[in-house]
Structures are given as structure tokens and as C-alpha cells.
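S.K.: Based on what follows, work out the 3D shape:
(chains A, B and C)
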Amino acid sequence: MTVDHQQTDHDVIKHGHRHEGPYKHVVAFIFSIVLTLIAFAAVAAGGVNTTFTVIILLVMAVLQVLVQLGYWMHMKDKGHFIPILFLVGGFFVAFTCVVMALSWVWW
Amino acid sequence: MAHAHSVKHHKGLMDWLTTVDHKKIAILYLVAGGLFFGIGGIEAMLIRIQLWKPLNNFVSAQTFNELITMHGTTMIFLGVMPIIFALMNAVLPLQLGARDVAFPFLNALGFWTFFFGGLLLNLSWIMGGAPDAGWTAYTPLASKAFSPTHGVDFYTIGIQIAGLGTLIGGINFLATVITMRAPGMSFMRMPMFTWASFITSAIILFAFPAITVGLVLLSFDRLLGANFFEVAAGGNPILWQHIFWIFGHPEVYILILPAFGIISDVIPTFARKRLFGYSSMVFATILIAFLGFMVWAHHMFTIGMGPVANALFSISTMLIAVPTGIKIFNWLFTMWGGQIRFTTANLFASAFVPTFVMGGVTGVMLASAPADYQFHDTYFVVAHFHYVIVGGLVLGLFSGLFYWWPKMFGRLLNETLGKWTFWTFVIGFQLTFFIQHFLGLMGMQRRIFTYLPNQDFDTMNLVSTIGALLMAVGVIIFFVNIVITMSKPKGVANDPWEDGRTLEWTIPSPPPEYNFKQIPLVRGLDAYWKEKQAGNTEMTPSEPVGSIHMPSASILPFVMSVGLFIAGLGFMFSRDEFSNSFLAGIFNNYVVVIIGLLITFICMLLRSVFDDHGWHIEPEELEEEGVKA
Amino acid sequence: MSSAHVDHTHGTLPHEPEKATHEGRNKILGFWLFLGGESVLFGTLFATFLALRNQTNEGPTAHELFNMGMTAAATFILLTSSLTSVFAIQAMHRHKLKQLVAWLGITVVLGLGFLGLEIYEFAEYVHKEHFGMTTSAFSSSFYTLVGFHGAHVLFGILWISLLIAQLFKKGLTVVTAPKIYVSAIYWHFIDVVWVFIFTVVYLLGKVG
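M.R.: A predicted model of the protein is given here:
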């Protein structure tokens, strides 16, 4: 197989990935577990204002997704402009669909 | 790698079934798209023959419904989109200065899934009735209760499979543009056709998954007894309309943007002038694509969403006129003061501009929600979308085909016959559809299979039918032109129009398998024109002559698509009652579905397990070919 | 397609072997594009679910149906599998084949656990609660959305298993590395979708 170096190896050196330990990811993991627990707890607690609970749930979900995308799918790393562009595009159209479902299906 | 010389080359039919060469896939798309275009055209003729006089009984009401449904579906999904893909495949890698597309294997897979999806859809004619609920398949008309035959199942599953092929093709072109550009070919130096193809592919990527879901929901309703659109069980047919148009409106930009791209390449070539306002063209294309996702509900003004939603979608729709207007003026300013040559390609391109403007103007009229209550579901709408799709896209495709035919096949199409095609087709088109605006304003509904006499519809319908026949004559002349041209020997120059501006004109016609012996160095917009201005006859290479790596041919894309085809048929008939117990056994227990999917998944497994090392063309072979040429 | 040909198959691998070849980088990019499309696919499914979530046709409602304990278990299993899949990629970057295979194996096992829970949950609903595909518009949209996600998990399990087999046969090379990387991205994406499912379908369903 043919390999071209120009791009990758330089990136690595500049970026200093070589000895990246599991530490960062364990922290991200704990963070997302905590977010999940808050979400489940908010529902289990019940009784509180429904709108408030809904907002909490959505905020927790968005934070979780950011952890997944940024850390675990490496989107915060360099050279991810195109992936971000197209994923944001997809999310945008998906969001449009959700707005449609909530606004213009029943009246 | 040295072992590459032992690679097996297929010949004849096997070569076409296994090819991963984008230029051959282009020809496959063109042939298949042309075939389906012919079928859709025959359906259109039958529609117009039925409507030529009042109370005609040339076809039954049921057959008429099948004809209009299949005419729309076939033309859009199986006729013009594959021809667009044919041009993209033939030209886009060449314009980028690339030896290949990013994913040659996927490219072949995209073609074959499209082809088998189209085949499945058209099999409906001989397997118990074609779809009959309109190309939009609105529920409840498309539900099991009102469309009890398998027609709509052929629609959902056929388009599902064909759509998968389109999505694969879109991803391939996106990746090709992002990663395969020649040195110096920055985004803002890409020819407009490449830009348009890139944006179109992005729209495909974001729009097709929506219809995938829509079709899944509809087929689950029909085949598994789900309740998405079943009002009695809590479903809502409006949801189908929304999902369909969230896909459907971007779809019309998938159709028209490539035509914009073609025109933007043809007009500067034959005006011997650089495209006016290149960056505004790019910007307008992106803006149209973006706005295209914001306007879907203008197809649904009359369902009662209320004044706020209607006003919102009215405004967003009218906004699209702005970037489109920018494009129209840019084309006019490109022609202004140019040394224009009216070849057939340029005639089609020039006719595109006013015709498309007319379609755009009626579009703005339809965008006004209160007025739309009058226009809705009348022939005014039929006239409008034929002005943009035929008067826009089809004229653009003819222009592109005449323009790039020498590059694809090494022969120039006959210009005299081409001009006959142009005049018969364009005059026929205006006759057919201009008058339909008035039919619509006078109250003739679309999709009706006949009408009563003495409502002032009679003469206008007759005129419309005569125009349609004239269009058919134009298309037949085009086919004759192809046959005559293909019987002549190859041998046009690299740059047969002599004023070629972009990279595809720097290499032989048709190009060798590897496209560019040496990848060119791009030094500006209209790379080839720039070199010509500098007094050079060819591009500066960006690399020494070396060994060229090529992907291996493979039969797997074909077999995978056959698997999907089998699975689709199996799913469609899974709830039927069979008198034959063997058939009942394999269909009702999903055995056929499982076999079909297994074929597809085993092919995927084989593709993953056996690495494709490809093969190499060595410099000595390049020299030999050079001598031959 | 570059002229600088270096054979890495038997020599030392670069730090990020998945990005060492043009083919590998294309594969990763193409997969990201595909995920853009997948977002719209799931977005439309979510939209369908949200539109029909209260259309229970006198069948079970979300509030009556969902069991928070099981959803929480499934969520933690899938979250953990995301972490193990990250560890697999880190092992790959350190060229530790055995660790890589082990982490991938654990990911697959966790995926199987998740899928088992989901199948058990569906079976419960169908048999005990009489909540099937045809019960109501809510049930149809629930099974289609969650079922599509489940099918993605199943595909991921089969895919990663196949890659483990390839790692045994071919080892870690510039050909196998992009495949592993892409499957990991896919696995995280499934997790992202699940985050929305447990929030929107289960938790918001419970809240009402």
C-alpha cells in the first residue's frame, strides 16, 4: 500500500498526540455519566415544573452530544472542518424536521 | 507494486458490468437514463393523446392515473437525474484534473442500485398495475385502502433502492471534489459545473435520507400495518406531505443546479469571455441550496397551516428569486459583448435563459399564498414546473450533451440535425406548456383524465398535444443524430470547440483510462484558457511521468444491487396470498427478503475481507499509448 | 496516488495509521459525509415520533409503558461501550494490536448486552402490554425510531466483529486501520443518537 507522509506525520508532531493517555477520556466518560444521572434524576424526582424538567433534559442531552462529538469523535481536533460542516448541515436539516413536526402537523 | 501486471481485464458485456471507470459509468448512466427518459416520454405522449379532445376514451381513468404517476416518477428519478449523473461522471473528475473519483467502487454501486431500483419500479407495468397515486403519493390515496394493488409498493420500494444509489453517488462526488482536486485547483478556481455538482451532491446528501424515511413509513403502513398516516389509529396524512416536500423541494434544486452549472460553462465558451461574476455565481448557488431547505411548505399552502406559516414560507420562497436573478443577469452579462457562436449547445443554453425566467416568474406567483389558493392543483402548476424542469433542466441537459459529447465519445454530434432538434423541441415545448398556464387560470385541474366539452378547454388542449408531438419529433431527431454520429469513426481533437476553457479540453477525446498522463498544475480560474492566453498549447504538469495506480474492476456492485432488488420484491409480496404453497412459504416467511439481503451483505463482507490492491499503468505503457494516439 | 511510495505494510506504522494513505483519508471523509446524511435520517424519524407521540389510539401511553431502570441500564452500557471504543483507537495509535482487539471485543460484548436489553424490552411490550407495531400511531413511530437505532447497533456489532477477525488475519496495517477508525466513529454516532432517544423518547415520555 502506498503511504504519503507529508501531511500526517507533521500534524502528529505539532499536535503532540503520541503519548495521549486514557485520562482525558475517562474524565469525559465520568462527565457524561454525571449528565445522564442528572437527567434521570430530574425525571425520577418528578413533581417539579414540567417545562423546567424538559429544559434540563434537553441541556443535558446537548452537553452529552458535545462530549461525544468533540472528544470521542475527535471533532475538536485539527483538520475536521469538512466533517463539522457536513454534520452541522445534517443536524440543521434534522432540526428543521423537528420544528416541522412540532409546529405544522397538528393545529 | 510489482505484482499488479497480472490483473485480469474483462471484455465485452463483462467489462460494462464490472467497470469502475467513471467515464464508462457515465455512459451506463446515459444509456439507462436515456432508456427511462424514453419510457417517461412515451407516457407523456399517451397522456397528451388522451387529453387532445374532450371526453376522449383513449385510456381508462385508472390507466391515466398510472400514466401520470409513472411519467412524473420516471422522468425525475430515473430519467433526468441519471443523465445529470452521466454528465457529472463524465466531466467532473476531468474538470478537477483528477485521475478518478474518490470511490470508484461506490460509484459503480450507485449506478447499479439506481438501475435495479428503476427496473423494479417499471416492472409494475407487467406485475399487476403501476403506481397510481401521483408522483407525490399523498396519503390516504396512497394507503392500502385506496390503492389496493401493489402499484404504490413498487413506488416505495423502487424509489427506495434507486434513491440509495443516488445517495451513494452524491457522497462520492462530494468526496471527489473535496480531496481529488489537482494542485492549484482551489475551490474558487473550480469550473461552475463542478461547483454546481458539488452543491447538488450536498443537497442530495441532506434531502434523500428524508425521503428514505418517508418511504419506509409508507411501506410500513402498507405492508406491516403500521399507522403513521392512518387517521383511524391516530396517524396523520399531513406528516407524509411534510416529509415528502422536505425532500421534494430540495429535489427540484438537485435537478436545476446542475443545469445552471452546464449553462455557466457553455455560455462563456461560446462567448469567448470569462463568466461574469464568478464568485457571485458560487455564492448564489450555495444560497439557493440553503434556501431550498426552508421553503418546502409552499407546496402545502392550501392544507390550512394558518396565516403565520403561510406568510413565512411565502417570504422564504420569494427570497430564492434573488440568487436566481443574480445568475440570470450574470449569464446575460457574460454574453454581452462576447463573440458569440451559436452552436447547438449554445442555442440550447441561450434558450434556457428566457424559458427559465418564465418558469421562475410563475414560481414567484405561486409563492404568494393567497394567489396559490387559485392556482393550486390546476394546469397553471403543471405549466410552471414544466417550464423549470423541461425549459430549464432538459434544455440544459441537451446543451451539456451537445457540448461534452465529443469529450465522452470522440465524435461531434451533427450540428444540422442538432439545430433541427433545437427548433422542433423548443417550439414544441412552448406550444405545449405556454397555453397550459391559461388552461389552469381558466380552471382546468391537473391530473383529471378527461374534461367536458365547451368549457373553452378544447382548442387549447389540442394545441398543447400538437406541441407535445413536436417535442417528440425533436427527441427522435436527437436519437437519429446519435445513431448517425456513432456510426462514424472517432477522431476529434482535444479541444473540438477550440475555445475550451477548462481542464477536460486539455486531454484526448475520449480520455484515456487514467485521464491525465501527468496531473496538471492549475494557475487560475479557467485553467486551460489561462494557459492559452499565456501562449501555451498545453498545461504545465505538476508531476513527472510515473506509474499510475488504478482500481480493479469488480462484479460486486452489480450483485449487491441484484440482492437489494430480490429483497425488495420479497418484501413487497410478503403479505400476499399465494395458491402455490412453495411460493407462499418463501414469500410469507420473508425467505426471499432474507436471501436478497444475504446476497447484499455477503458482497459487502467480500469487499471488506479481500483488499483491492488495484493495478498500475507503467510509464512505458503510457508512451506506447501516446504513440498510438 | 502520490508518487512517494513507502511500503508500510511490514515496516513501522505511522502514529495515526488510519490517515497514512490517501485511500484511508478518503474513507474517513466519506464516512463523515455519510453521517451527515444519517443525521437527517434520524432527524426525520425523531420528527415522526414527536408528531405522533401522543397518538396512542387508546393503547398504552409512554408514561404507562416505559421502565426507567431498563433504559438507564441500556444507556450506561452504551456509554461505556463508547469509552471502550475510544480506548481501542488509542491502542491502535500506540500500535498495540492485542489491546486493540481486546477493547474492540469488549465494545462488541457491550453492544450485544444493549441489543439483548432492547429485544427483551420489545418482547415485553408486545406480549405483556399488547403494544405492537399496529397498536397506534405512537407505537408505529416508537418501534420504527428505536428499531432503526437497534438495527444500526446490530450492524455495528457485525461490522466490528468482522474487523476483529481481519485484525487477526491481516494485523494492523494502513489498510485495516482506517476501517477500525471509521467503525469507531460509527459507534460513537450510534451513541449520539441514543442520547437523543433516551432523552426525547423515554425521559420526556415519562415527564409527559
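S.K.: Every contact and neighbour count from this point should use C-alpha atoms.
M.R.: Will do.
S.K.: What does the nearest residue in space to residue B:491 that is not next to it in sequence show for phi and psi?
M.R.: If you skip the residues right next to it in sequence, residue B:491 has residue B:410 as its closest partner in space, 5.8 Å away by Cα to Cα, 6 or more residues apart in numbering or on different chains. Main-chain dihedrals, residue B:410, degrees, to the nearest 10: phi 80, psi 10.
S.K.: got the contact list for the closest residue to residue B:134 other than its chain neighbours?
M.R.: Nearest non-adjacent residue to residue B:134, counting by Cα to Cα, 6+ apart: residue B:69, 4.2 Å away. Applying Cα atoms under 8 Å, 6 or more residues apart in numbering or on different chains, we find residue B:69 in contact with B:131, B:132, B:133, B:134, B:135.
S.K.: A PyMOL selection for the residues you listed, restricted to the buried ones, would help me check which they are.
M.R.: Entered in PyMOL, the line below selects the buried ones among these, by 16 or more other Cα atoms under 10 Å in any protein chain shown:
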select buried, chain B and resi 131+132+133+134+135
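S.K.: Out of the contacts of residue B:69, list just those in helices.
M.R.: Here DSSP state H is the test, and the contacts of residue B:69 give no hits in helices at all.
S.K.: Just put the contacts of residue B:69 in TSV and tack on pLDDT.
M.R.: Output for the contacts of residue B:69, formatted as TSV (pLDDT from 0 to 100):
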residue	pLDDT
B:131	96
B:132	95
B:133	95
B:134	95
B:135	96
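S.K.: circling back: quick one, grab the pLDDT at the residue nearest to residue B:491.
M.R.: Per-residue confidence at residue B:410 stands at 96 (pLDDT).
S.K.: Count the residues that sit near it.
M.R.: 23 (other Cα atoms under 10 Å in any protein chain shown).
S.K.: gap between the closest residue to chain A within chain C and residue B:519?
M.R.: Going by Cα to the nearest Cα, chain A is nearest to residue C:43 of chain C, at 4.0 Å. Distance, residue C:43 to residue B:519, by Cα to Cα, to the nearest Å: 41 Å.
S.K.: And the contacts of the lowest-mean-pLDDT helix or strand in chain C?
M.R.: None of the helices or strands of chain C scores lower by mean pLDDT, DSSP states H and E than helix C:204-207, at a mean of 89. For helix C:204-207, contacts defined as Cα under 8 Å, 6+ apart pick out A:43, A:46, A:50, A:53, A:54, A:57, C:62, C:63, C:66.
S.K.: any idea how far chain C is from the third one?
M.R.: Taking Cα to the nearest Cα, to the nearest Å as the measure, residue A:50 and chain C are separated by 7 Å.
S.K.: Spit out the contact partners of that residue.
M.R.: Residues in contact with residue A:50 (Cα under 8 Å, 6+ apart) are residue C:207.
S.K.: low-scoring stretches of chain A, by residue?
M.R.: A:1-21, A:47-48 (pLDDT under 70).
S.K.: So which residues on it come close to chain B?
M.R.: By Cα under 8 Å from any Cα of the partner chain, the residues of chain A that approach chain B are A:1, A:89, A:90, A:93, A:97, A:100, A:101, A:104, A:105, A:107.
S.K.: Which strands or helices does the helix or strand harbouring residue B:397 pack on?
M.R.: Under the criterion of DSSP states H and E, residue B:397 resides in helix B:395-409. Judged by 3 or more Cα pairs under 8 Å, 6 or more residues apart in numbering or on different chains; DSSP states H and E, helix B:395-409 is in contact with helix B:81-96, helix B:237-271, helix B:344-367.
S.K.: Can you say which of these is nearest to residue B:605?
M.R.: Taking Cα to Cα, helix B:81-96 is the member of these nearest to residue B:605, at 26.7 Å.
S.K.: How about residues contacting that closest one?
M.R.: B:22-23, B:25-30, B:32-34, B:99-101, B:169, B:176-177, B:180-182, B:185, B:190-191, B:193-194, B:197, B:255, B:258, B:397, B:400-401, B:404, B:408, B:502-504, B:515.
S.K.: now, which of those residues lie within helices?
M.R.: B:22-23, B:25-30, B:32-34, B:169, B:176-177, B:193-194, B:197, B:255, B:258, B:397, B:400-401, B:404, B:408.
S.K.: Please pick the buried ones from these.
M.R.: Buried among those by 16+ other Cα under 10 Å: B:22-23, B:25-30, B:32-34, B:169, B:176-177, B:193-194, B:197, B:255, B:258, B:397, B:400-401, B:404, B:408.
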